[in-house]
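Peer 1: show me how the following folds:
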Amino acid sequence: MQKTVKVTDEALVAAYAGGSNEAFDTLLNRYREHVFSYIFRIVKNEEIADDIFQETFVKIIMTIKQGKYVETGKFSAWVTRIARNLVIDYYRQEKSENLISIDNEDIDLLNRRDLCESNIEDNIVLHQIHRDIRKLIKSLPDAQRGVIEMKFYQNMSFKEIADATNVSINTALGRMRYALMHIRKLAKENNIALSF
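Peer 2: A predicted model of the protein is given here:
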């Protein structure tokens, strides 16, 4: 009986950097449960944990594809560190959104845009931004447009998108990354504001 040799994480990273999506799928399958349960243990909310999990693997993809991954220890420790940093970022953002000191007299708590009803001007600007974004999305290649529509308009997870389009999660994440890069590039070229 022949013994199966387990491919090392480092070999899989090198293979993925060289263009093998199967290598990334193996890494994702190898660490999916560990990373998700690590995040979920801290945030105790499945939806938030899923978002941070997806963000973790998007960051891993970008780092490896940009050639910025440096082997300084175990891959598993690096992946966990990314997840931990994203959890910390999440809590920092939550804290900054929920805490405003009333000791600072320069801040008028009652004169904040997010606490006010929208006015006609805001509605017009927001409507124009949404129309511009829809135009940019329509100009994307079909695969990228599909991922954007499923994620942002149908609120599907990357796993659901991958299942619906019969591709790997890695491919769905990659399409999202390229779609967002494409939208930003087109917006910049055409002087389109994506927010106000």
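
Peer 1: any low-confidence regions in this protein?
Peer 2: 1-5, 96-123, 125-126, 194-196 (pLDDT under 70).

Peer 1: give me the most central residue, it.
Peer 2: E55 (3.8 Å; Cα atoms, centre = their mean).

Peer 1: so that one sits right up against L86, yeah?
Peer 2: Yes - the pair E55 and L86 passes the contact test of Cβ atoms under 8 Å, sitting 5.4 Å apart. (Glycine included, C-beta is placed from N, CA and C.)

Peer 1: off-centre distance for the helix or strand hosting the residue nearest to the centre of the chain?
Peer 2: When secondary structure is defined using DSSP states H and E, the element that contains E55 is helix 46-65. Computed by Cα atoms, centre = their mean, to the nearest Å, the separation of helix 46-65 from the middle of its chain amounts to 6 Å.

Peer 1: so which elements touch it?
Peer 2: The helices and strands touching helix 46-65, judged by 3 or more Cβ pairs under 8 Å, 6 or more residues apart in numbering; DSSP states H and E, are helix 9-17, helix 21-43, helix 75-98, helix 169-189.

Peer 1: outline the domain layout of this structure.
Peer 2: Taking automatic domain parsing as the criterion, the chain consists of the domains 9-98, 117-189.

Peer 1: about what we covered before: reformat the helices and strands packed on helix 46-65 as JSON lines; add mean neighbour count and distance to R145.
Peer 2: What follows is the helices and strands packed on helix 46-65, written out as JSON lines (neighbours: other Cβ atoms under 10 Å; distance: least, Cβ to Cβ, whole Å):
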{"stretch": "helix 9-17", "mean neighbour count": "17", "distance to R145": "25"}
{"stretch": "helix 21-43", "mean neighbour count": "17", "distance to R145": "20"}
{"stretch": "helix 75-98", "mean neighbour count": "14", "distance to R145": "27"}
{"stretch": "helix 169-189", "mean neighbour count": "17", "distance to R145": "7"}
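
Peer 1: quick revisit: tilt between the helix holding E55 and helix 21-43?
Peer 2: Relative orientation of helix 46-65 and helix 21-43, computed by axes from the mean of the first three to the mean of the last three Cα atoms, to 10 degrees: 140 degrees.

Peer 1: going forward, begin numbering at 455 instead of 1
Peer 2: Done: numbering now begins at 455, and the last item shifts to helix 500-519.
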